[in-house]
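Peer 1: what's the 3D shape of this:
(2 chains)
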Amino acid sequence: MLLFFFTASAQQPKIQTYAARVLAEGQAVAAATVRVDKQIVHSDQQGNFTFSAISGSTIHIEISAVGNQMLEQDIFLHNRLATPLLFHLKKDEKQIEKIEVVGFTKIQEVNRQAYNVTAIDATKLYNTTMNISSALDRVAGIRVRESGGLGSNFNLSLNGFSGNHIRYFMDGIPMDNFGSSFQINNIPINMAERVEVYKGVVPIWLGADALGGAINIVTSTKPGLYVDASYGYGSFNTHRTAVNAGYTSKKGFMASISAYQNYSDNDYKVTVEVADIKTGDNYQAAGRVRRFHDTYHNEAIIAQLGVVNKPYADKLLLGITVGQSYKEIQTGARMVSVFGGIHNEGNTIMPTLKYQKSDLIKGLDLTFNANFNLGTERSIDTLNRRYGWYGDWKETGANGGERSRQLYEYKNNEGIATLTANYKILARHAVALSNVATTFNRIGKNKLDPQSSALELGKKSFKDILGIGYSYDVDGLWSTTVFGKLLYQQNKNADISSTSSTEFGYGLASTYFPIPTLQLKTSYEMTNRLPTPYELFGDVENQQGNFNLKPEHSHNINLGAIYNWKVNDEHRFSMGANLIYRYAFDYIYNRFNANQTLLIADNREGVATTGTDAEFRYSYKKLLTFGGAITYQHLVNKQKYEEGYTGVSPLYNDQMPNIPYLFGNTDLGLSFRDLGTKGNVLNIHYNMLYVHSFWLYWPSLGSTAVGAEKKEIPKQLSHDLSFVYSLKNGKYNVGLEVNNIAGTQLYDNFSLQKPGRSFMVNLRYYFNKK
Amino acid sequence: MKNNKWTNLALAAMVSLSAFSCKSDDVAPDSGNDGNFVLAVTPVASEAVADYLVTAKDLESGTVSILGNGLEQDGTYRYYVTHNNKFFSMLYGQGSPGAVTTYEITDGRLTRLKNFTSETVQAFAPVNDDILMMKISRNVTNPTASYYQLNTNSLTITKEGVVNTADVLKNGELAFFTWIKQVGNKVYAPIMSIKACCSTAFETAYPDNAWIAVYSYPDMVLEKVITDDRTSYIGRYFRDGLAVDEKGDVYAFSSSVATGNGAITSTKPSAITRIASGTTAFDKSYYFDIEAAANGKNITNWIYVGQGKFVVQMTTKEEKGGYTDGKHIGIVDVYNKTFKDVTGMPAINTIKAVTYNNYTPKNGTAYIGIATTDAVSFVYKIDAATATATQGLRVEGGSITAVNRVD
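Peer 2: Presented below is the predicted three-dimensional model:
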């Protein structure tokens, strides 16, 4: 080795730590990968890194970073260095291609946190017509269950937790109050730059009371002028448009607009027992019929105006989100309940404020966000009819609507303000503080029942979550965060009763890199979740309020490892695996209310989850990517005594019903570069999804013999294929998707069928001028 | 090479995903309980509940379990009725159309005949060869009750229609039928007068009156409203307050549980009254004050076991409520106007619930289900003559909710 070659001429050679910095065009380069002989280190936000070497030796150094050309240099190390070594990288024009190959992308940076986190690179999915939710469905540990086609109700489960146990954020701002026109199942993937999934322990800067994890959608902002427009058309008369455009001037003026639209008739065919609406007779056993009352559409515009890179603010943006949605309801909880007129509509009118400033005083970064939703939701059931599966109907002669006659209109008046401060005390020590306050004040009335509406009084909820954390970080080697959260909630129902609660949670997250390519993570949190206003007051449609609901708690433990390796730069591999354990008490779940007409949230004494998930990825040059994820989770009922009983429950330690416990996906991508002409790329992508069958009700009860018809959600296996041809370095893109190629009958929920084979064509234009 | 091994392993894991399958294909063996009695059992935990139907050969001894046994019903709050040797399992389904599954017993096992679609109803009873079902509004904006006549031979709805519920009592409140009963060739529907508005939907300004609407069948024309001011309303919400004895006399009980402003406002005691055979008026000469005879207890449910005798469920003054099924069992003899408490029952504090949908061979005995707080259930045989209860069939895995017999 070179090291020893030079030792003879050096005076007192010894191992010593050297400081260095990476710059590109005078700017610090963060997250550069530096290889000093056999050591690998990474530069921090300011481009600084350190390495140890023998003084008086000559080292070989390689530095690579996204968007820059690789730098290779041999350097003679003097005994003592007065100033850090400086390395200047040259910008690489072909940076997009580099992302897949070297350096840390933002995605990898997120994944390298101590939390059990997975980031999805949304940019890779821009040429598809996916929603955020369908992209999430491919993450290990996540299962998105939909009740039908586009816009249908969804329920995302993450390591066995689902519904309100999971919190959603957009750029760190809670999405609780965004309204029905703005949910993860109707926001196109192009809105996002990446989607971060925190499993179990949620970092305090997200400031939430999540029980099972959080999902943060990071929207894209690009310098200069950019336009990203796409339009897709496909089966079931589905149209989807998304336009993102923005402009940032040299003087720091910034304007951005995102607009999108989804429309679908959702008139796919389903297999049902068709009943005669006159006799009730199921005269057509297992017939194929088309859904006829399932149109969904939503439209939204997000506009922001403000300044960036000013002395008083890195970012100060005022904006407004305007959206609306319309959704027809085809069936009730079972497909035997057919509707032809029931629908919901809603709109979102939400002013927003975003403020960001780093180094307000040295080391202190500050973020403040606020928004208020002035939107209105309407739930409409005004036809006194009974519908059949052929769209045929009869008058009922009563005045009871199809389900429950109403024209209910309400405003939730929800507002959110978040403040986050990060203070870097010393190089390795940082303190973070966050506070999130939310308000809710529902005012609603049934316009068809003024007498009853007159008795409705306001329903109010206020929630505040204060978090404080401390982290110690040795870059590239280990980092640890400890944190505490104080939660407070006050609820008021119709001015007659009010409740309040204060909870305290705490946790720890740590990560360690034994070698640079192997990361170990562990985290623990004693977490609390406060009931949502919807659980307390109902959602006016399917959920009845339970004002006596208690906050739920959980011990969350995560253990994970990620390992990357390669074989002669052409074959690259990464593998990750997680073990999770959750023990939730006062677990909030939905059950039917006393007269079985609505769902109501209730507390269950204990639910324990043990689970594991694994992910694998392989890539060959830039030609081929292959990977997959598999999840297994075991949820057990730990309520030993049911209310009103003194004997041990026969269901104590039984597996929790109606929760998928084994599922996975695998995908294969091929990328043919410079096909036809230089700068054109053809991408072919295949994805397979598998969900193992599971029981709708308690597994131990009832006969499982064939004739006994124990209710089961059958195995699901679906194959999706997409072709995307990009021209002129991605400026023009044409995509074709075939989903559920085999046309198999898919179910996420008992008896509610999802669409069969469907096609989608997608056109996209992308332009960016710096 | 090491890396290849890992690749293969990962690949194998992905591929093997599709190889799992766990559905059991065997036909359930006779658990020793194949027979003509059908019990409905509900899990003790309320999450995502379904009822289970199990058969039994004998109600007086043995054990039956829903652990790994029994026909799973989709959803709880199902209601069961037996008529024309068929067993009907009806889902109380959220104001939506309701699924009904019909079974018969072959070789001691429940065999599905067919599914059909009905409505969510609040009262149903056998009338001639039909099951008459009524969907009754509790909202003043919809002053109607819809009826559906299900023919139990063809298993189709042969007639449906709507009756007005605002012009029955003509007191500004809606008539809500607590239950329906065939009497002769008429349908008797005892009425709860309800305000049908707002948070006080089931409250009334008339807590001390009883009414029975008399409808022709199958035309469902309102022929008469029989009234009485000696008791509060007959029956209770979703509970049958009428019985017809061997002579054709109709007996009615009042629980005395009408409410107003969130409290019970009936001032008349729980009592039994009579409508003599062939008449359509309360028999003013017949009145049996149950509260006086039963040490202050009131009737919440009853089953007629023959010869003028009823097995009744009761609540004490403290337990009294509009929707409470009593756990105290007694014997009422309406001919002799006598009352006896039944002995041999488990201690009251160990009873979780007593079933109200029970079986009687009309020979002076009834078989009722007792769900205990110990999370097991039993069928008890109640002998009216001796006023004694005897523990019979043990039911494991859940709480019993109904005891039926299908021949």
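
Peer 1: From now on I want contacts and neighbour counts done on CA atoms only, so please keep to that.
Peer 2: Noted.

Peer 1: and stretch A:450-465, what's its mean pLDDT?
Peer 2: Average pLDDT, stretch A:450-465: 81.

Peer 1: How far does that stretch stretch from one end to the other?
Peer 2: One end of stretch A:450-465 sits 38 Å from the other (CA to CA, to the nearest Å).

Peer 1: which residues does A:Asn441 contact?
Peer 2: By CA atoms under 8 Å, 6 or more residues apart in numbering or on different chains, A:Asn441 lies in contact with A:411-414, A:458-461.

Peer 1: Then A:His571?
Peer 2: A:618-621.

Peer 1: Of all residues in the chain, which one is nearest the centre?
Peer 2: Answering for chain A, as no chain was given. A:Ile215 (3.5 Å; CA atoms, centre = their mean).

Peer 1: My question was about chain B, not that one.
Peer 2: Taking CA atoms, centre = their mean, the centroid of chain B lies closest to B:Asn357, which sits 4.6 Å from it.

Peer 1: ok, now which ones touch that one?
Peer 2: Shown in contact with B:Asn357 (CA under 8 Å, 6+ apart): B:368, B:401-404.

Peer 1: hmm, back to that, is it true that the residue nearest to the centre of chain A touches A:Val201?
Peer 2: No - A:Ile215 is beyond contact range of A:Val201, at 11.5 Å (criterion: CA atoms under 8 Å).

Peer 1: so what sits against both of the two?
Peer 2: Contacts common to A:Ile215 and A:Val201, judged by CA under 8 Å, 6+ apart, are absent.

Peer 1: Count the neighbours of the residue lying closest to A:Thr279 once chain neighbours are set aside for me.
Peer 2: Sequence neighbours aside, B:Ile157 is the residue nearest to A:Thr279 in space, at 4.3 Å (criterion: CA to CA, 6 or more residues apart in numbering or on different chains). Counted with other CA atoms under 10 Å in any protein chain shown, residues neighbouring B:Ile157 total 23.

Peer 1: how about B:Ile157, secondary structure?
Peer 2: strand (DSSP: H, G, I helix; E, B strand; the rest coil).

Peer 1: Report the next helix or strand after the helix or strand of chain B with the lowest mean pLDDT in sequence order.
Peer 2: In chain B, no helix or strand scores lower on mean pLDDT, DSSP states H and E than helix B:2-16, which sits at a mean of 44. Downstream of helix B:2-16, the first helix or strand assigned by DSSP states H and E is strand B:37-42.

Peer 1: Which strands or helices does the helix or strand just after that next one pack on?
Peer 2: Toward the C-terminal end, the helix or strand that comes next after strand B:37-42 (DSSP H and E) is strand B:52-56. The contact analysis (3 or more CA pairs under 8 Å, 6 or more residues apart in numbering or on different chains; DSSP states H and E) places strand B:52-56 against strand B:37-42, strand B:63-65, strand B:71-72.

Peer 1: returning to what we had before: return the set of residues that bridge with the residue nearest to the centre of chain B.
Peer 2: With DSSP bridges as the criterion, B:Asn357 is bridged to B:Ala402.

Peer 1: pLDDT score for it?
Peer 2: 95.

Peer 1: Quickly note the distance from it to chain A.
Peer 2: Distance, B:Asn357 to chain A, using CA to the nearest CA, to the nearest Å: 17 Å.

Peer 1: all helices for chain B, in order.
Peer 2: All helices of chain B, identified by DSSP state H, fall at B:2-16, B:290-293.

Peer 1: and the last one, how far out from the chain's middle?
Peer 2: Using CA atoms, centre = their mean, to the nearest Å, the mean C-alpha position of helix B:290-293 is found 25 Å from that of the whole chain.
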